[in-house]
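>>> Curious how this folds, go ahead:
(chains A and B)
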Amino acid sequence: MSYSEKVIDHYEHPRNVGSFKKEEDGIGTGLVGAPACGDVMKLQIKVSAEGIIEDAKFKTFGCGSAIASSSLVTEWVKGKTLDEAASIKNTDIAQHLALPPVKIHCSVLAEDAIKAAIADYKKKSGSSDEAVG
Amino acid sequence: MLHMTAVNGTTNAGLQRPIYLDYQATTPCDPRVVEAMLPYFTEKFGNPHSRNHAYGWEAEEAVEQAREQVAAIIGADPKEIIFTSGATESNNLAIKGVANFYRDKKDHIITVVTEHKCVLDSCRHLEQEGFKVTYLPVHKNGLIDLAQLEAAITDRTALVSVMAVNNEIGVIQPLAEIGAICRKHHVFFHTDAAQGVGKMPLDVNAMNIDLMSISGHKIYGPKGIGALFVRRRPRVRLQAIINGGGQERGMRSGTLPTPMIVGLGEACRIAQAEMGVENERMHALRDRLLTGINARLPECYVNGDLEQRVPGNLNISFAFVEGEGLMMGVKDIAVSSGSACTSASLEPSYVLRALGLDAEMAHTSLRLGFGRFTTEAEIDYAINHIVEAVSRLRELSPLWEMHQEGIDIKSIQWAGH
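Model prediction:
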């Protein structure tokens, strides 16, 4: 399988690798996928008092496309509001990385990871505004 | 050291092709094989079935010499060797041929879940035609249970088909013991020896093997040629798949491809002459590779029995690192992954699953295959390259992080998708 240049770039130079302490204030953690399926993504967001995502980190177990999808979304969510971040679509990710059809599930997983991280943040911070997405 | 340009990064400088560590997929032709073949493309181009002139005689002589060389490496009589297009055809012919010939009296076949796809698919095909097939499981080490095999044999069993050496994990099935059981119950024993010939001593008489599939391109011969050993005493009869001029005792019609056959013969001659020395060297390379990896990486597991195994294969699960992601990171070496993410299905290798490996471990495996042209320096390069890639990807892996924190990954409720 040949990968697009963007996938290779993210795979070889992943952005924002790492972890925040889950219990810290303002941190939302999304853990999606399953080891048995060959993909697990952990995406974390750090949300400011104003509700802006000021930082994001990820760790991913998966193929190059999965790593690239999660690396890309950490770049994309930074500086966005929760609602803006929640509106990122897997099709945008897939298109940007030129993922082939068999790798679309990687972009779906990355979208799920954003949503899961936002949901976790909202649950922790007790905010009860309407559901995202 | 040629390949060291790439040692600090995941990119190859572009000048070198990756180091070839996929010898179970195919092998390069030995230059001696190519040299032996060449005259039979040009000046010695005759049809070996032409009985009326010297062109034909010359080609026939070459074919018969090759037949002797193929027979010799497995202790067979040259008359028992049928040339085919490769092990896939040999396996099809052996399984379907025996099943169809004896179908009036027998309708049962026994094989193993870890067989090559062409064996399993031939059996599935026969099932659709009304045959019954028993698929024996394997132990965690990849080997079958002999008692289970014997218990599965009935008076309706026509054939037992068990591979000599597994293509993914390199384990050697107990052929002599299987042969003894089959002979005792008067059941034919076929073995797919595509990965075994030239890598381990094989003797069709001592092992009571009735049919054996052989491949050219797995033993430094050309692609597109193989052979099937078909025992004459006691006689095994086959219904041909390819009908025509009645060549190969009527079991496989079609003009014999003289250059390919000469290549297969020469490949067998070399393999037989050099097996001892070569195996010793392979063992040393295997130990060097395994020790080198284990010394620098924790949580690496060899899949399949390490003792009952051909020395040119290691199949290793690098826990917490996904196989396809790993393949991308080790692109300076050409290897295969047990993770089937490369195909459209998300199912990991059925061979590794048959060992009882969890899907997540099956997803983390690499098959490292080396052979005649692999050097110590290449093994050392591969060790460095693999250690670096695995270490880097583990830093990226949420599962490795959890493992470091003492979290049991199995205790987590994964959503699945």
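
>>> starting at the chain centroid, how far to the longest helix along chain A?
Of all segments of type helix in chain A, defined using DSSP state H, the longest is helix A:104-125. Distance of helix A:104-125 from its chain centroid, counting by CA atoms, centre = their mean, to the nearest Å, is 6 Å.

>>> Any residue of that helix touching chain B?
Yes - using CB under 8 Å from any CB of the partner chain, helix A:104-125 reaches chain B at A:105, A:108-109. (C-beta placed from N, C-alpha, C; glycine too.)

>>> Now do the buried residues in stretch B:363-381.
Of all the residues in stretch B:363-381, those buried under the rule 16 or more other CB atoms under 10 Å in any protein chain shown are B:363-372, B:374, B:378-381.

>>> same question, stretch B:251-262
Residues of stretch B:251-262 classed as buried by neighbour count (16+ other CB under 10 Å): B:251-252, B:256-262.

>>> so how far does that stretch reach from one end to the other?
20 Å (CA to CA, to the nearest Å).

>>> swap in stretch A:75-87?
15 Å.

>>> go on, stretch B:235-251?
One end of stretch B:235-251 to the other measures 13 Å (CA to CA).

>>> Quick check: mean pLDDT of that stretch?
The average of the pLDDT scores along stretch B:235-251 is 95.

>>> And it, how far out from the chain middle?
In terms of CA atoms, centre = their mean, the centre of stretch B:235-251 is set 25 Å apart from its chain centre.

>>> same thing with stretch B:187-203?
10 Å.

>>> Name the residues of that stretch that come out as buried.
Residues B:187-200, B:202 are the ones in stretch B:187-203 that count as buried (16+ other CB under 10 Å).

>>> Now for those residues: which two are most distant?
The span of these, defined through CB to CB, is set by B:Val187 and B:Gly198 at 27.3 Å.

>>> count of residues packed around B:Pro39?
15 (other CB atoms under 10 Å in any protein chain shown).

>>> ranges for the strands of chain A?
Remark: strands assigned in chain A by DSSP state E are A:27-34, A:39-47, A:53-61.

>>> among those, which is the most enclosed?
strand A:39-47 (a mean of 27; mean count of other CB atoms under 10 Å in any protein chain shown).

>>> How far off centre is the helix or strand of chain B with the lowest mean pLDDT?
Least confident helix or strand of chain B, by mean pLDDT, DSSP states H and E, is helix B:359-362 with a mean of 80. Counting by CA atoms, centre = their mean, helix B:359-362 is centred 22 Å from the centre of its parent chain.

>>> cool, and stretch B:309-328?
For stretch B:309-328, the distance to the chain centre is 17 Å (CA atoms, centre = their mean).

>>> And B:Asp145, its phi and psi?
phi -100, psi 120 (degrees, to the nearest 10).

>>> how near is the residue nearest to it when sequence neighbours are not counted to B:Phe189?
Nearest non-adjacent residue to B:Asp145, counting by CB to CB, 6 or more residues apart in numbering or on different chains: B:His139, 6.5 Å away. Applying CB to CB, to the nearest Å, the value for B:His139 to B:Phe189 is 20 Å.

>>> cool, and A:Glu24?
Using CB to CB, A:Glu24 is found at 65 Å from B:Phe189.

>>> Pull out the buried positions in the lengthiest helix in chain B.
Taking DSSP H as the criterion, chain B has its longest helix at helix B:258-296. Within helix B:258-296, the residues that count as buried by 16+ other CB under 10 Å are B:258-272, B:275, B:278-279, B:281-282, B:285-286, B:289-290, B:292-293.

>>> what about B:Gln128, how many neighbours?
With neighbours defined by other CB under 10 Å, the count for B:Gln128 comes to 7.

>>> One more: the one 10 residues further on?
Other residues lying near B:Val138 total 23 when counted by other CB under 10 Å.

>>> quick one: it and B:Ala354 touch, right?
Yes - the pair B:Val138 / B:Ala354 is scored as a contact, 5.5 Å apart, by CB atoms under 8 Å.

>>> what's the overlap in contacts for those two?
Residues touching both B:Val138 and B:Ala354 (CB atoms under 8 Å, 6 or more residues apart in numbering or on different chains): B:113-114.

>>> all strands of chain B, in order?
Secondary structure of chain B, counting by DSSP E: strands at B:19-20, B:81-84, B:108-112, B:132-136, B:157-161, B:188-192, B:211-215, B:226-230, B:300-302, B:313-318, B:333-334, B:336-337, B:365-369.

>>> on that earlier part again, tell me how far the residue nearest to B:Asp145 lies from chain A.
22 Å (CB to the nearest CB, to the nearest Å).

>>> May I have the phi/psi pair for that residue?
Backbone torsions for B:His139, taken as degrees, to the nearest 10, come to phi -70, psi 170.

>>> neighbours around residue 116, how many?
Picked chain A for this. 20.

>>> That was the other one, I meant chain B.
Other residues close to B:His116 by other CB under 10 Å number 20.

>>> pLDDT wise, what is it at?
The model's pLDDT for B:His116 equals 96.

>>> That one reaches B:Thr191, doesn't it?
No - at 11.4 Å, B:His116 and B:Thr191 do not qualify as touching, with contact defined as CB under 8 Å.

>>> Residues that sit against both of these two, list them.
B:Met163.

>>> how distant is stretch B:270-282 from the center of its chain?
Worked out by CA atoms, centre = their mean, stretch B:270-282 lies 17 Å from the chain centre.

>>> got a list of contacts for it?
The contact list for stretch B:270-282 (CB under 8 Å, 6+ apart) reads B:30, B:32-33, B:69, B:72-73, B:197-201, B:219-220, B:310-312, B:370-372.

>>> can you pull up the bridge partners for the nearest residue to B:Arg252 once chain neighbours are set aside?
Spatially, and ignoring its direct neighbours in sequence, B:Arg252 is nearest to B:Ile82 (5.3 Å; CB to CB, 6+ apart). With DSSP bridges as the criterion, B:Ile82 is bridged to B:Leu228.

>>> wait, what's in contact with the closest residue to B:Ala99 other than its chain neighbours?
Leaving aside its sequence neighbours, B:Ala99 sits nearest to B:Leu126 (CB to CB, 6+ apart; 5.2 Å). By CB under 8 Å, 6+ apart, the residues touching B:Leu126 are B:95-96, B:99, B:109, B:133.
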